[in-house]
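Trainee: sequence isn't available, so here's the structure alone:
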């Protein structure tokens, strides 16, 4: 019966022929199923070897990997997503990602990186590198990444000076988030293609006239949790397609000017500021001829404005009463 | 030109008709792309509302969510994977998962759960609930989960007594990991269908004769980093298809008996034990007639055995010299 059980003539049993479902190409402790190699929470100190070449998703989250070496991803040309979140990676060999010709998602948040990894695969669509130690974004680090559409690089010690001019050249991003960093102003030279820009939880002081000039395709702008005292008149006029504007938790004394002219703006968060006065034409266009979308969300709570002094007509172009979060009930 | 710009006659502009690519159904700050809603690292305190019903993957990793409420996932009947890793979830409404009729992957590791969430969707294939505060696995908690094939529940304060008899009834698992817990022995009543069982980093003292009786389909058994002094003779004989056995970092004084009869066993880790003697027939079958797979990995380093006393014939059924990690070079 040994013949039947797959033993070859040399007296050695071929294990894989005996039970076909078992594939040796699965690092010990990982769970390998339908080209997904799931190796999270294993205390791994390095990228394991036996990863099958047809793997499309490799999850190495929550391990103790400190370095990505030259051959760590050798042969993984079908990899679509690589998750390295919550490790201790501080060093990446410049050729480590070269084999990954089809990689679209690289999640490498919560590590010890001091720079954006060089030589990112040109196939990359999304990079999440939140919560690392990156201070500088040098010119050309993103060059050649024609498919990239989303970068999340919040939680890094990035100052405005950390962005070299031309750092984002060639990128056609639609989403960029640089939150929880050390920005004191809106960075220059970001891609003009941006639909969403999130700069919340920084130290931005003001928005000057030309700051938003380049970003005319924005739908959403997140500036909450900054120190914005002043938004120069006219600076918002460069954002004709803006839908949602978050300016909560800043130091604004007035509703920023220009909102009525932003025809598609529907949500404005202004809560937790220093607004002492709300003018009757601060939100809605004067007169009747002007076509405009209805607001469906305005927040003004936690501002020192006496709400009984605000005239109802101020909200004439708001869908309904529920859309306004007013009154100082949330200290 | 207002007509052309999508404004209806009521004087209100329909934003979505003006720029079709913009979809309002994307929670602020999240990145929504090809039915993937990516909301990690946003400091969210609860599951956001506007999640599009056709979403297949929802990533809420690394936020501050403390509770899953009844309607949090309402309408998400196409959801395939839900990632809630690294939040503060301690409460889950018993109906929270009911809408998720197609959910296959639930990653809810690194939270504050004290029990396995009840009413898990019957579609579930993989549950990762590592690093929570679960002490008990009651009978029936997994009932009805016919598609489940992988559970990772390591990093929980689970003792053997925490498993109610019948806790795993009805489950046809092939992978189970209960590492970094408080087990002092191999749990009883685990599913007989298991191909991989990982119980590393526990306090298991011994393996008695019947402990492995049920698990005859095991390919891989991980028992590293325990306190195993004794493996009763014959206890490994119940594992005819075993390929890989990790017993490193234990307190074994001898190579466990029965290895030669495990015809498909190819990797045995015994490093960092108290092995003082290695017998010539500890690994390979006596005589020549017996067919057996070659070993391609044996580790014996960090054991008090004088390796010069070990006869070369001991490794007669090992592929080559490199396959043996011997000698006490790794203190």
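Mentor: Received, thanks. Keep in mind that this is a model prediction, so the values were computed, not measured.
Trainee: and the residue nearest to residue A:149 when sequence neighbours are not counted, how many neighbours?
Mentor: Residue nearest to residue A:149 in three dimensions, not counting chain neighbours: residue A:174, with 5.0 Å by CB to CB, 6 or more residues apart in numbering or on different chains. No exception for glycine: its C-beta is placed from N, CA and C like everyone else's. Residues contacting residue A:174 under the criterion other CB atoms under 10 Å in any protein chain shown number 19.
Trainee: pLDDT wise, what is residue A:174 at?
Mentor: Predicted confidence (pLDDT) at residue A:174: the value is 95.
Trainee: relative to residue A:160, how far out is residue A:182?
Mentor: 8 Å (CB to CB, to the nearest Å).
Trainee: quick one: low-confidence residue ranges for chain A.
Mentor: Applying pLDDT under 70 to chain A flags residues A:1-11, A:15-24, A:289, A:327-331.
Trainee: now the helices for it?
Mentor: Under the criterion DSSP state H, helices of chain A are mapped to A:15-18.
Trainee: now do the contacts for the residue nearest the centre of it.
Mentor: Residue closest to the average C-alpha location in chain A (CA atoms, centre = their mean): residue A:152, at 2.7 Å. For residue A:152, the contacting residues are A:109, A:127, A:128, A:129, A:130, A:175, A:177, B:31, B:40, B:41, by CB atoms under 8 Å, 6 or more residues apart in numbering or on different chains.
Trainee: again with residue A:87
Mentor: Applying CB under 8 Å, 6+ apart to residue A:87 gives the contacts A:60, A:61, A:62, A:63, A:64, A:65, A:66, A:110, A:111.
Trainee: find the nearest non-adjacent residue to it, please.
Mentor: For residue A:87, the closest residue by CB to CB, 6+ apart turns out to be residue A:65, at 4.2 Å.
Trainee: re earlier: ok, now which ones touch the residue nearest to residue A:149?
Mentor: Applying CB under 8 Å, 6+ apart, the residues near residue A:174 are A:149, A:150, A:193, A:194, A:195, A:196.
Trainee: turn those residues into TSV, including neighbour count.
Mentor: Below are the contacts of residue A:174 laid out as TSV (neighbours: other CB atoms under 10 Å in any protein chain shown):
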residue	neighbour count
A:149	21
A:150	20
A:193	15
A:194	22
A:195	19
A:196	25
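Trainee: so which bits of the stretch 201-331 of chain A are right by chain B?
Mentor: A:201, A:219-220, A:222, A:241, A:243-244, A:246, A:263-264, A:266-267, A:288, A:291-294 (CB under 8 Å from any CB of the partner chain).
Trainee: just the buried members of these?
Mentor: A:201, A:219-220, A:222, A:241, A:243-244, A:246, A:263-264, A:266-267, A:291-294 (16 or more other CB atoms under 10 Å in any protein chain shown).
Trainee: quick check: the two most widely separated of those residues?
Mentor: The distance between the two most remote of these (CB to CB) is 35.7 Å, for A:201 and A:291.
Trainee: in strands only, show me the contacts of residue A:174.
Mentor: A:150, A:196 (DSSP state E).
Trainee: closest to residue A:84 among the contacts of residue A:174?
Mentor: For the contacts of residue A:174, the closest approach to residue A:84 (CB to CB) belongs to residue A:150, at 16.9 Å.
Trainee: surely the closest one and residue A:126 touch.
Mentor: Yes. The criterion here is CB atoms under 8 Å, and residue A:150 meets it with residue A:126 at 4.4 Å.
Trainee: name the residues contacting each of the two.
Mentor: By CB under 8 Å, 6+ apart, the residues touching both residue A:150 and residue A:126 are B:31, B:33, B:38.
Trainee: among the residues you listed, which lie within strands?
Mentor: For those, membership in strands holds for B:31, B:33, B:38, with DSSP E as the criterion.
Trainee: only the buried subset of these, as a ChimeraX command please.
Mentor: To isolate the buried ones among these in ChimeraX, judged by 16+ other CB under 10 Å, type:
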select /B:31,38
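Trainee: also within reach of chain A: list those from the ones in strands among the shared contacts of residue A:150 and residue A:126.
Mentor: B:31, B:33, B:38.
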